[in-house]
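**Q** model this:
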Amino acid sequence: MSSSRPTQKYRLPFFESEEEFSAPITDGRGASMGRETNFELIKALDEQIEGGKGDVIKLKRTRNSLLNISVRVPPEVLGQIFVLAVDLTRDYSIHPGPHFSGLEKGSYNFLLVCHHWFEVASGTPELWSFWGNAVEDWEKWCHHTGGAPVDLVLYGRGSGPEILSVTLRDTLVDRATQDQIRKVHLDSNNLTLLNAIISSLTPDGEGAQEKSIESIIFRAMGTLPEFSTFFSRLRLPRLQRLHIIGILQTPLWNHLSPLTTRLTALSLQLTRPSLPPTTTQMISILGSNPDLQELTLSDAALPDGTDESHVTQIPLLQLKMIALSGKFRRVFGVLRRLELPAALDSTKISLDDSTVEPGVTQILGSFMRDRLQRDIRFHDKLNVTSLCGYVNVCVDNRFDQLSWLERMSPPTSVTMSLIGPPDSVVKRLTLDLMGFLLHEYVFYLETDYALGIVEEQFSVMPNIETLWLRNANLGPGFLQSNPHGPRANTKLLPSLRSLHLENATGGWRSLITYLEHQTSNNQAILFELLGNCHRVPPKVAQEIRGLVRKFVHERILNSEGSDEDEYIGC
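**A** I've put the predicted structure just below:
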């Protein structure tokens, strides 16, 4: 007879498998207590295992996050995060430092966190195509790139070497010869250094060589380097972005049209004494790049119009943004030659003329009317801004710049900035342009009170929610309907939610009277008083707060003040 005891099978609940485990059967009370104790232990183990599962999940998520970061995030971003994490003593609030000063003691644990990223980066040399944004960084990293194409980025506004070392110069020459440069972005006021870099990248010989550069940006606060030879010896069939900002030493217009054919962004923000192109040269440049999506031209990059024998239309039907600034004759000499798409994300025209010719009203008004009527995106929510300071007409649909408005669908903006105080021609122009708008879609209006917008104009814009007035004179009847007219006892701004008065003048009583009128029928508005050195008596401030939803103002008198405090402004 076997001495073995009978067994009973149990299934442990915390195992996902169907496997059964055997345990001896005991008789009596002790057996029952033993089973209860076992079940309690099993339950405790079950809870520990479940907790361990959570830890494992967290570890897996951390590992996957590091894997995703190492594969998807650009190395320059990872590098900057790494520098900020291990070198927190330096000030990176404005621009990244010129080079990394090294690890501090106690920061080496960060290397353990980035171990997986380090392995990926070490085995993937193309991740190191970014050498940094200073010559010192170039010296350090130029030998670690291997055969990957290089992004040359220089931000050298601060101190730095005046010349290139022999080693770095030879490396640049070799990269240029092997066609291993993808981007050339140089932003520096060090003309000697810029000329040295451009010289290293310029091919030898007389004929033009084809290169794979995709983006070029040259920027200087003053004179730009001499790169006419650089452009004359290149053909750039892959170039998509060309930005030149500064003062040209010599014209390069004859080189740009054969140089580029696939540009999507062209920005020539040139200042005098740069020699501008002829109309024929500009037509050739723009006509060679029909896929342009962004076009920015300043006065020194606009033809003077003296060689206009006939008007040639240049189709730029892919254009999304256009910004032209300069003399009226130059700006519209280019604008009237462009065949634009029906809808543009942004149209900005800045006129530098100190006086405005009478012909501006007809030409500019006709152009803006055409743009507003053809672009169906203006059948939404309009921001209308009319300022004083310089002549500027802007149509802007870029959603990210206007998303602060309290509306789900993004609004459209029309900006008209004027010389101030506005003369009669400019004033008429602004009012004419406002007449082209779909007034029922105007939800935001910003204007100088000197323009003299009257009751009839406000009455056709009943949906204004935000009104910003500059230099308003708060006299009797301010922003109220004529008590003897057809709109007597009605509100000019029935939808108003926010009122901002800047540099206003007049009496407090006129302001209180208007606010009482506007907030009747429980209409809640935000009221902001700004500009000048306003001094608001406490009783007036208390009365305003009792009328509006919120009163925004910094200068509230701590005492009753004198009689002069009864007037707005100082």
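**Q** Quick one: find the helix or strand in the chain with the lowest mean pLDDT.
**A** When the helices and strands of the chain are scored by mean pLDDT, DSSP states H and E, helix 399-402 comes last with a mean of 28.
**Q** Which of the helices or strands spans Leu511?
**A** According to DSSP states H and E, Leu511 maps onto helix 508-518.
**Q** typed the wrong thing, it's Gly506
**A** Going by DSSP H and E, Gly506 is part of strand 505-507.
**Q** buried stuff in that strand?
**A** Neighbour-count burial for strand 505-507, counted by 16 or more other CB atoms under 10 Å, picks out Gly506. Quick note: C-beta positions are derived from backbone N, CA and C, even for glycine.
**Q** just checking, what packs against it?
**A** Strand 505-507 sits against strand 473-474, strand 567-568, with contacts defined as 3 or more CB pairs under 8 Å, 6 or more residues apart in numbering; DSSP states H and E.
**Q** List the neighbouring strands of that strand plus their orientation.
**A** Strand 505-507 has its sheet partners listed here by DSSP bridges as strand 473-474 (parallel), strand 567-568 (antiparallel).
**Q** Would you single out the least confident of the ones you listed?
**A** Mean pLDDT is lowest for strand 567-568 out of the strands paired with strand 505-507, coming in at a mean of 44.
**Q** what about Glu543, how many neighbours?
**A** 16 (other CB atoms under 10 Å).
**Q** for the stretch 251-400 of the chain, what spans make up the strands?
**A** For the stretch 251-400 of the chain, the strands defined by DSSP state E, counting those that start in this stretch occupy 265-270, 294-297, 314-315, 321-326, 338-339, 346-351, 382-388, 391-396.
**Q** Comparing these, which yields the minimum mean pLDDT?
**A** Among those, strand 391-396 carries the lowest mean pLDDT (a mean of 45).
**Q** Got the phi and psi for the closest residue to Glu162 other than its chain neighbours?
**A** Distances taken as CB to CB, 6 or more residues apart in numbering place Thr192 nearest to Glu162, at 5.3 Å, with adjacent residues excluded. Per-residue torsions, Thr192: phi -60, psi -50 (degrees, to the nearest 10).
**Q** Thr192 contacts Val135, doesn't it?
**A** No - in this structure, Thr192 is not within contact of Val135 by CB atoms under 8 Å, at 11.8 Å.
**Q** Which one's more surrounded, these two?
**A** A side-by-side neighbour count of Thr192 and Val135, using other CB under 10 Å, places Val135 first with 25 against 12.
**Q** got the residue ranges for the helices in the stretch 151-300 of the chain?
**A** Ranges of helices in the stretch 151-300 of the chain, per DSSP state H, counting those that start in this stretch, are 166-177, 191-201, 228-232, 253-259, 279-287.
**Q** Need these in TSV (columns: mean pLDDT and distance to Leu467).
**A** Below are the helices of the stretch 151-300 of the chain laid out as TSV (pLDDT from 0 to 100; distance: least, CB to CB, whole Å):
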stretch	mean pLDDT	distance to Leu467
helix 166-177	91	57
helix 191-201	90	49
helix 228-232	86	51
helix 253-259	84	46
helix 279-287	90	40
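**Q** For Arg219, find the nearest of those.
**A** helix 191-201 (9.9 Å; CB to CB).
**Q** tell me the angle of the closest one relative to helix 166-177?
**A** 50 degrees (axes from the mean of the first three to the mean of the last three CA atoms, to 10 degrees).
**Q** got the contact list for helix 191-201?
**A** 135, 152, 154, 156, 160-164, 169, 172-173, 176, 181, 184, 186, 188, 218, 220, 222-227, 230 (CB atoms under 8 Å, 6 or more residues apart in numbering).
**Q** Those, buried ones only, as a ChimeraX selection?
**A** Here is the ChimeraX command that selects the buried residues among these (16+ other CB under 10 Å):
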select :135,152,154,156,160,161,164,172,173,176,181,184,186,188,218,220,223,224,225,226,227,230
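**Q** How is Lys43 assigned, secondary-structure-wise?
**A** helix (DSSP: H, G, I helix; E, B strand; the rest coil).
**Q** What is the burial count for it?
**A** 12.
**Q** Quick check, pLDDT for it.
**A** pLDDT, read off for Lys43, is 74.
**Q** how much space is there between it and Leu297?
**A** Applying CB to CB, to the nearest Å, the value for Lys43 to Leu297 is 77 Å.
**Q** Same question for Asn189.
**A** 23 Å.
**Q** ok, now Arg549?
**A** 45 Å.
**Q** repeat for Gln178
**A** 35 Å.
**Q** Comparing those two, which residue is more hemmed in?
**A** Using other CB under 10 Å as the criterion, Gln178 and Leu297 rank with Leu297 on top: 25 against 10.
**Q** buried residues in the helix holding Leu511?
**A** Quick answer for helix 508-518 (16+ other CB under 10 Å): 508, 510-511, 513-515, 517-518.
**Q** Next: stretch 258-273.
**A** Result for stretch 258-273 [16+ other CB under 10 Å]: buried residues 258-260, 263-271.
**Q** can you tell me which of these lies nearest to Phe332?
**A** Using CB to CB, these come closest to Phe332 at Leu268, 17.5 Å.
**Q** ok, the closest residue to the closest one other than its chain neighbours - how many residues close by?
**A** In this structure, Leu268 finds its nearest non-sequential neighbour in Ala301, 3.7 Å apart by CB to CB, 6+ apart. Ala301 has 26 neighbours, counted by other CB under 10 Å.
**Q** need the contact list for Ala301.
**A** Per CB under 8 Å, 6+ apart, neighbours of Ala301: 268-270, 274, 276-277.
**Q** Check which element follows the helix or strand harbouring Glu456 along the chain.
**A** Assigned by DSSP H and E, Glu456 belongs to helix 455-459. Next helix or strand after helix 455-459 toward the C-terminus (DSSP H and E): strand 466-470.
**Q** so who does Gln249 touch?
**A** 223-226, 228.
**Q** Specify which member of the residues you listed is nearest to Gln293.
**A** Of all the contacts of Gln249, Leu224 has the smallest distance to Gln293: 24.5 Å, by CB to CB.
**Q** Let me know how buried the closest residue in space to the closest one that isn't next to it in sequence is, in neighbour terms.
**A** Distances taken as CB to CB, 6+ apart place Gly246 nearest to Leu224, at 4.1 Å, with adjacent residues excluded. Gly246 is flanked by 21 other residues according to other CB under 10 Å.
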